[in-house]
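here is a sequence together with a model predicted from it:
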Amino acid sequence: KPLALPGAHVVVTGGSSGIGKCIAIECYKQGAFITLVARNEDKLLQAKKEIEKHSINDKQVVLCISVDVSQDYSQVENVIKQAQEKLGPVDMLVNCAGMSLAGKFEDLEVSTFERLMSVNYLGSVYPSRAVITTMKERRVGRIVFVSSQAGQLGLFGFTAYSSSKFAIRGLAEALQMEVKPYNVYVTVAYPPDTDTPGFAEENKTKPLETRLISETTSVCKPEQVAKQIVKDAIVVTMGLFRTIALFYLGSFDSIVRRCMMQRAKSEIADKTA
Ligand SMILES: NC(=O)C1=CN([C@@H]2O[C@H](COP(=O)(O)OP(=O)(O)OC[C@H]3O[C@@H](n4cnc5c(N)ncnc54)[C@H](OP(=O)(O)O)[C@@H]3O)[C@@H](O)[C@H]2O)C=CC1
Ligand SMILES: CCCCCCCCCCCCCCCC(=O)[C@@H](N)CO
């Protein structure tokens, strides 16, 4: 049951630049209505203009919302509410807002660990928390998390960044087990180095070792990475690690389903009593 993008409401955090902007364009080209979430209003408007060039009908809308996804949950909840009032319930949320800073562990400021954890991790928790109830009620929804290759392997220079990207994986896998009985699907992307403004910023901070490790692989185009992320979100398939864990996950999923049915039964019993 792939998600139908034509007419769907897709929210992209970090949608004003890089991979997020390309994800928004990819969804818009397939007929979706888009909400872009980021802080800088000029960049948002610039991205909106660029995305609108790809419209396929005259009903499509690109809405811009300026908010910091990592600061205050009630603020994030509010802007999601505003977006839903304008464009309807969110069918797909793409958590792409994020940042990277590299450096040796002892050279990184302690505040950098706090900053990356709040933007990359909490900045994915808050928007997801704000859309999940409606998705479960509607029995429709996709939540996409953007981790990184550095979210699968801890690499030199990435003590702060890698850990924030590992955290996303734990969040996503646990959340998937909770929401699967409600037909809501969670995917995680692990992109390689990609040619974006964020990547250019990161490169200014990379120690020699990190740069040499990074140079062993080639840099991808954001359009190409975005295409794959959208495809994986629409038609959810199983990765290698999930296949190995299949037996366990299958039996855990059945526990979750049984609890859901038990709870529904006792609710009916309570009502009739
Ligand atoms: N490029 C790469 O090599 C790779 C990137 N990734 C991940 O992909 C994601 C996108 O990266 P990339 O496209 O390179 O990044 P960019 O820096 O090009 O874009 C980042 C986007 O996120 C927004 N953003 C940043 N911080 C916040 C915040 N606190 N609140 C709201 N919006 C915010 C930015 O807008 P504004 O600043 O105006 O808020 C911008 O729209 C990140 O999570 C990154 O870690 C993963 C693997 C590789
Ligand atoms: C099983 C997994 C296979 C992994 C292959 C290993 C290759 C490692 C090369 C270095 C990759 C660095 C990625 C960081 C990307 C990133 O998130 C930043 N560029 C963001 O700005």
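It's in. Ligands and ions are numbered 1, 2, ... in the order given.

in the stretch 1-150 of the chain, what residue comes closest to ligand 2?
Across the stretch 1-150 of the chain, no residue is closer to ligand 2 than residue 148, which sits at 3.2 Å (C-beta to the nearest ligand atom). Where C-beta positions appear, they are placed from N, C-alpha and C, glycine not excepted.

how close does that residue sit to residue 222?
Between residue 148 and residue 222 the computed distance is 14 Å (C-beta to C-beta, to the nearest Å).

and the pLDDT for the residue of the stretch 1-150 of the chain closest to ligand 2?
Taken from the predicted model, the pLDDT recorded for residue 148 is 96.

same check on residue 246?
Looking at residue 246 specifically, the model assigns a pLDDT of 70.

report the separation between it and ligand 2.
Taking C-beta to the nearest ligand atom, to the nearest Å as the criterion, residue 246 is separated from ligand 2 by 19 Å.

could we number from 819 for the rest of this?
Taking 819 as the first residue, the last one we looked at is residue 1064.

name the next helix or strand downstream of the least confident helix or strand in the chain by mean pLDDT, please.
Every helix and strand in the chain was compared by mean pLDDT, DSSP states H and E; the lowest is helix 1058-1062, with a mean of 63. Using DSSP states H and E, the helix or strand that follows helix 1058-1062 in sequence is helix 1064-1090.

do you have the helices of the stretch 869-1018 of the chain handy? List them.
Secondary structure of the stretch 869-1018 of the chain by DSSP state H, counting those that start in this stretch: the helices cover 891-905, 928-934, 941-956, 977-997, 1015-1021.

so which of these is nearest residue 823?
Distances from residue 823 to each of those were compared using C-beta to C-beta; the minimum, 13.6 Å, belongs to helix 891-905.

buried ones in the closest one?
Of the residues in helix 891-905, 894, 897-898, 901-902, 905 count as buried by neighbour count, 16 or more other C-beta atoms under 10 Å.

if I look at residue 1011, how far off is residue 838?
Where residue 838 is concerned, residue 1011 sits at a distance of 16 Å (C-beta to C-beta).

between the two, tell me which one has more neighbours.
Shown here are residue 1011 and residue 838; by other C-beta atoms under 10 Å, residue 838 has more neighbours (28 against 18).

quick one: that one and residue 832 touch, right?
Yes. With contact defined as C-beta atoms under 8 Å, residue 838 and residue 832 form a contacting pair (3.6 Å).

centre of the chain to stretch 870-887, how far?
When C-alpha coordinates are averaged (C-alpha atoms, centre = their mean, to the nearest Å), stretch 870-887 and its chain have centres 18 Å apart.

repeat that for stretch 887-894.
Between the mean C-alpha point of stretch 887-894 and the mean C-alpha point of its chain there is a distance of 16 Å (C-alpha atoms, centre = their mean).

dump that stretch to CSV, keeping only the CA atoms.
Taking only C-alpha atoms (Å, rounded to 0.1, in the frame of the first residue of the first chain), the coordinates of stretch 887-894 have been written out as CSV:
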residue,chain,number,x,y,z
VAL,A,887,12.7,22.8,15.4
SER,A,888,15.1,22.2,18.3
GLN,A,889,14.1,24.9,20.8
ASP,A,890,10.6,24.7,22.2
TYR,A,891,8.1,21.9,21.7
SER,A,892,5.0,24.0,22.0
GLN,A,893,6.3,26.3,19.3
VAL,A,894,6.8,23.3,16.9
